[in-house]
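Asker: Here is a sequence together with a model predicted from it:
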Amino acid sequence: MSNKPAPTKLSIAVVGAGAWGTTLASLASGNGHDVRLWSRHSPERLEEVIAGTSIVLSAVSMAGVAPVAAQLQHLSIAPEKIFITATKGLDTQTTDTPSQIWQKTFPSNPIVVLSGPNLSKEIQQGLPAATVVASEDIPAAEFVQTAFSSPSFRVYTNPDPIGVELGGTLKNVMAIASGTCDGLHLGTNAKAALLTRGLAEIIRVGTHLGAQAETFYGLSGLGDLLATCNSTLSRNYQVGYQLAQGKPLSEILAHIEGTAEGVNTTSVLIQRAERQGISVPVSYQVYRLLKGEITPQAAVEALMLREIKPE
C-alpha cells in the first residue's frame, strides 16, 4: 500500500444511498472528509451536490448508471474530478460495464473502479475488510486509495480496471449457482468443484473482454467470489438458495433487500457470450434456471453430466 499521507479534508459526493453507497459514505466520513450523500429521493439537485467536490462516487444500481451519467454529462465538469464506480453489473442495452459508461460520458476524467470482497453489513459493523481501486490513471487510483484507507478497511491499487470490474460483476452469477448448490444441500465437494469451474469461466470471459488473467486471482476476483458465494448476506446467493427451496423468482426479488444484480448480469452475459462465441456452461445453466426453463436439480445435473474431458 502507498505510504503517502492521506489527503487533507476532501469533498466527496456519493451518488446512491443504498447499503453500499451508505457504507462507502460512512468510511469516507470516518476519515474526516466532507461527504455529501445523494439519492433520487434527495431534495437537492445532483449538480448542486457534486459542485466543488474532488471525487464523485457512483454506487447506484446498474439500471441507474447510464441515466445518472447522462444527467451530469452537460455540466461543466473539471477534468481533474475523479469518478469512482462501485456498481457491479452489465448494461442491458449496450452490455457495457459501469466504468465503460462513465469513461464514454467523461472521456477527459479519471475513472476508478472500486471492487472487492465487501459485504456492506460486515463493514458497517466495523469488521476488517479489503478492497481494490483500479484505474489506467494510477495517480488517481492512489489518490482514492489514501482517501478511503483506514485501519479496518485496507485499499489496494490495480492497473487493470476492466479485470477488477468484471471480477466483481461475474461473480454474482456464480453466487446464484452457489446458493442453489447450498439450497439443495449438495455438500462441500460439489460446491468446491462448482466454484473452481466458475472461476475458470470468469477468467475465460474476462480475458476475452480485455482483462488480465492474474487480476482474477486477487481480491476483486477470487476474493470476492469466496465472500459472495459463501455468505447468506449476499443477495445473489439468496436468490439461488431460495430458488432451490422452490420459491418463484418474482417472489424472491420482491422480498429481497436491494438489487440482486446477478439476475440481469446473467442475461446480458449470455447475450454477449453467444455473440462472441465464449463458452459459459455454468452461467448458461444459471440463465436457464432464472428463466424457469430448468429446475435447480436439473441445472446441477446438467453441469455434473457434461462430457468427460481434461481439466
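Answerer: Cool, the structure landed.

Asker: do you know how far Asp210 is from Ile162?
Answerer: To be clear, residue 210 is Gly; Asp isn't right here. Distance, Gly210 to Ile162, using Cβ to Cβ, to the nearest Å: 5 Å. Placement of C-beta: from N, CA and C, glycine included.

Asker: So for these two, which sits in the more crowded spot?
Answerer: Each of Gly210 and Ile162 has its neighbours counted (other Cβ atoms under 10 Å); Ile162 has more, 19 against 10.

Asker: and that one, which of the three is it?
Answerer: Secondary structure, DSSP: H, G, I helix; E, B strand; the rest coil: Ile162 is helix.

Asker: That one - nearest residue in space that isn't next to it in sequence?
Answerer: Spatial nearest neighbour of Ile162, excluding adjacent residues (Cβ to Cβ, 6 or more residues apart in numbering): Ala211 at 4.9 Å.

Asker: and that neighbour, what element?
Answerer: Assessed by DSSP states H and E, Ala211 sits outside every helix and strand.

Asker: What's the local residue count around it?
Answerer: Counted with other Cβ under 10 Å, Ala211 comes out at 22.

Asker: so where's the stretch 151-300 of the chain uncertain?
Answerer: Applying pLDDT under 70 to the stretch 151-300 of the chain picks out no residues at all.

Asker: That one: helices as residue ranges?
Answerer: For the stretch 151-300 of the chain, the helices defined by DSSP state H, counting those that start in this stretch occupy 161-183, 187-208, 224-229, 235-244, 249-255, 261-276, 281-290, 296-304.

Asker: right, and those - which one's nearest Asp96?
Answerer: Closest of the helices of the stretch 151-300 of the chain to Asp96 is helix 261-276, at 9.5 Å (criterion: Cβ to Cβ).

Asker: so what's Leu75 up against?
Answerer: Applying Cβ atoms under 8 Å, 6 or more residues apart in numbering, we find Leu75 in contact with Glu47, Ile50.

Asker: what's the spacing between it and Leu46?
Answerer: Leu75 is 9 Å from Leu46, by Cβ to Cβ.

Asker: Break the chain down into its domains, please.
Answerer: By the assignment in automatic domain parsing, the chain contains the domains 11-159, 162-304.

Asker: could I get the helices of the stretch 151-300 of the chain as CSV with distance to Ala28?
Answerer: As requested, the helices of the stretch 151-300 of the chain are exported to CSV (distance: least, Cβ to Cβ, whole Å):
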stretch, distance to Ala28
helix 161-183, 19
helix 187-208, 29
helix 224-229, 21
helix 235-244, 23
helix 249-255, 30
helix 261-276, 23
helix 281-290, 34
helix 296-304, 40
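
Asker: Would you point to the one among those helices that's packed deepest?
Answerer: By mean neighbour count, with neighbours taken as mean count of other Cβ atoms under 10 Å, helix 161-183 ranks first of these at a mean of 28.
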